[in-house]
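In: Coordinates for the following, if possible.
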Amino acid sequence: MRRNVGYNRLQQQQAHNYRPESVQVNTKLKNLWFHVICGCIFFAFGFAILMWSEARLLKKTKSLNEGFGSIVSIENPNTISPENNGKLIHLVGYLQVGEPMTEFEYGVLISAVKLKRRVQMYQWVEERTLREFPEEFHVHEDGLYYFTEWRDKLIDHTRFTQPYGHENPREIAMKTKIYVCDQVNVGAYYFSDALKDVFTDFELFTSDERPENRDIKLHSGLYYHSQDVWNPKVGDIRVQFSYSGLAGELVTIIAMQVDHELHPYITSHGDRIMIFRHGHHPPQNFYHEHHKQHWLLSWIVRGACFLVLFVGSSFLTPLLRKFSRSKCSIGGKKIKF
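Out: Numbers count the residues shown, from 1 in each chain. Below is the predicted model of the structure:
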């Protein structure tokens, strides 16, 4: 009887000390929940971005092959071939515009695709700093100082900490504006509005003639509405002109022919092809250039994704080690890694 009681106690003690392998693994999983969550997030994010990048590269490559595979080079830009309607064409010729764009008040006259009038006003400006400034700057004890300079946008002086004595006009008499020529063409091919939008590089322009209005003063390519160019007052205005797409320049265009106009070419994958360059360029150069850009971008994304996956694997490494050790515990002997 005593032997049975002792035997039962031994069995109960062994059952109490025995922990199934699954329970051990679950306990260790709970202790490593932070590593599991972070690792899964990094892995999911890395794989998602990598798959997106590869799909994007494949899509861009197919679009380039579709567009440039059937491109038509125009030999004579002064003749339109109806059979090329709806096709991607390669056109080289001299840029032509309609009526010159003018600003009579300033004596400005230029034949270009775009003419930009940039307007700046002399205004009070508030800034906060701990630096020391000369006496002509209005400096306050709290680190605020006020000074005047030319600014493109109107500054609301009512938002100043100390608006009294630093008042700006409530509006600018003139506005910055970009004039776009109505008629732009290369030979018999006319530019659509979308093609005109690619002209974004502006060069400064100054007229050779001085304004007839004596209230406007020309100095260093800028037109001043000021009594004294060297000592402007708050509210004075200065104007600067620049242009983009000068008539007579040799240009290369790749776009879709729609009757006598040039529009963006939309591939079957939804990508848009429309290229404008100054000078003479064969279509092969554009194909290799765009393909190289997409290829380089894809490798940059791949490198970033591999780094994210490496970080994710570093989070999951402790989990895998503990899981392997618990799996390899056999007969009370634990295999170390």
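
In: Provide the count of other residues in contact range of residue 37.
Out: By the criterion of other CB atoms under 10 Å, residue 37 has 11 neighbours. Using the backbone N, CA and C atoms, a C-beta is placed for each residue, glycine as well.

In: Where does pLDDT dip in the stretch 151-300 of the chain?
Out: Nowhere does the stretch 151-300 of the chain drop to pLDDT under 70.

In: Going along the chain, name the helices of it.
Out: 193-196, 283-327 (DSSP state H, counting those that start in this stretch).

In: so which of the ones you listed gets nearest residue 173?
Out: helix 193-196 (28.4 Å; CB to CB).

In: quick one: contacts of the closest one?
Out: 113, 114, 180, 181, 184, 253, 255, 262, 263, 264, 274, 276 (CB atoms under 8 Å, 6 or more residues apart in numbering).

In: now the residues you listed as CSV including distance to residue 221?
Out: Shown next, in CSV, are the contacts of helix 193-196 (distance: CB to CB, whole Å):
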residue, distance to residue 221
113, 21
114, 18
180, 22
181, 22
184, 26
253, 31
255, 34
262, 33
263, 36
264, 35
274, 33
276, 27
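
In: Which one of those residues is nearest to residue 203?
Out: Of the contacts of helix 193-196, the one sitting nearest to residue 203 (CB to CB) turns out to be residue 114, at 10.7 Å.

In: what's around the closest one, how many residues?
Out: 22.

In: what about it, which helix or strand?
Out: For residue 114, the host element (DSSP states H and E) is strand 112-128.

In: Return the list of strands paired to that strand, each annotated with direction.
Out: Sheet pairing for strand 112-128, assigned by DSSP bridges, gives strand 144-151 (antiparallel), strand 177-180 (antiparallel), strand 237-246 (antiparallel).

In: And the contacts of the second one?
Out: By CB under 8 Å, 6+ apart, the surrounding residues in contact with strand 177-180 are 101, 113, 114, 115, 116, 117, 119, 196.

In: Among the strands paired with strand 112-128, show me which one is buried the most.
Out: Of the strands paired with strand 112-128, the one with the most neighbours on average (mean count of other CB atoms under 10 Å) is strand 237-246, at a mean of 20.

In: Just flag the most distant two among the contacts of strand 177-180.
Out: Pairwise over the contacts of strand 177-180, using CB to CB, the maximum falls at 119 and 196, 22.3 Å.

In: The closest residue in space to residue 85 that isn't next to it in sequence pairs with what?
Out: Leaving aside its sequence neighbours, residue 85 sits nearest to residue 257 (CB to CB, 6 or more residues apart in numbering; 5.7 Å). Using DSSP bridges, the bridge partners assigned to residue 257 are residue 262.

In: Could you give the number of residues near residue 257?
Out: Around residue 257 there are 23 residues (other CB under 10 Å).

In: Tabulate the strands paired with strand 112-128 (JSON lines), appending distance to residue 83.
Out: Formatted as JSON lines, the strands paired with strand 112-128 follow (distance: least, CB to CB, whole Å):
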{"stretch": "strand 144-151", "distance to residue 83": "55"}
{"stretch": "strand 177-180", "distance to residue 83": "31"}
{"stretch": "strand 237-246", "distance to residue 83": "29"}
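
In: Please identify which of those strands is closest to residue 216.
Out: strand 237-246 (8.3 Å).

In: Could I get the pLDDT score of residue 82?
Out: The model reports residue 82 with a pLDDT of 90.

In: Could you do residue 139 as well?
Out: 53.

In: for residue 248, what are its contacts?
Out: Contacts of residue 248 by CB under 8 Å, 6+ apart are 94, 95, 96, 111.

In: of these, buried ones?
Out: Buried subset of the contacts of residue 248 (neighbour count, 16 or more other CB atoms under 10 Å): 95, 96, 111.

In: Closest one of these to residue 69?
Out: Distances from residue 69 to the buried ones among the contacts of residue 248, taken by CB to CB, are shortest for residue 95, at 27.9 Å.

In: Just to check, that closest one is in contact with residue 246?
Out: Yes - when contacts are counted by CB atoms under 8 Å, residue 95 is listed as touching residue 246 (7.3 Å).

In: Would you map the strands across the stretch 101-250 of the chain?
Out: 101-103, 108-110, 112-128, 138-139, 144-151, 177-180, 184-186, 189-191, 203-205, 216-219, 222-225, 237-246, 250-258 (DSSP state E, counting those that start in this stretch).

In: Give the other helices and strands that the second one contacts.
Out: In this structure, strand 108-110 packs against strand 101-103, strand 237-246, with contacts taken as 3 or more CB pairs under 8 Å, 6 or more residues apart in numbering; DSSP states H and E.
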